[in-house]
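A.B. asks: heads up, no residue letters with this:
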């Protein structure tokens with residue numbers, strides 16, 4: 001099953017697909033995250049990440 005671009009995951013959840021993820025909102029950033037890793041916080045806060053590009 002392929003995870004679609006635009007899929008979201010919250011801090012603390014398992015990453016559903018390897019790729020480049022971006023923080024939803026401001027300020028934003030991107031990070032490479034591998035499938036199965038725990039989605040990280042950003043600036044010390046829980047955030048929603050959106051899949052921008054598959055690895």
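C.D. replies: Received it, and whenever you're ready, just let me know what you need. Since we're looking at a predicted model, the values are computed, not measured.
A.B. asks: can you tell me how far the nearest residue to residue 42 once chain neighbours are set aside is from residue 3?
C.D. replies: Sequence neighbours aside, residue 23 is the residue nearest to residue 42 in space, at 5.0 Å (criterion: CB to CB, 6 or more residues apart in numbering). Where you see a C-beta, it was placed from the backbone N, CA and C, and this is true even at glycine. Look at residue 23 and residue 3: by CB to CB, to the nearest Å, they are 18 Å apart.
A.B. asks: who has more neighbours, these two?
C.D. replies: Higher neighbour count among residue 23 and residue 3: residue 23, with 20 against 15, using other CB atoms under 10 Å.
A.B. asks: the more buried one contacts residue 45, correct?
C.D. replies: No - counting by CB atoms under 8 Å, residue 23 stays clear of residue 45, with 9.6 Å between them.
A.B. asks: wait, residue 29 touches residue 21, no?
C.D. replies: No - with contacts counted by CB under 8 Å, residue 29 stays clear of residue 21, the gap being 9.3 Å.
A.B. asks: these two: who's more crowded?
C.D. replies: The neighbour comparison of residue 29 against residue 21 (other CB under 10 Å) goes to residue 21, with 24 against 11.
A.B. asks: OK, contacts around the more buried one?
C.D. replies: When the contact criterion is CB atoms under 8 Å, 6 or more residues apart in numbering, the partners of residue 21 are 9, 15, 30-33, 39, 49-52.
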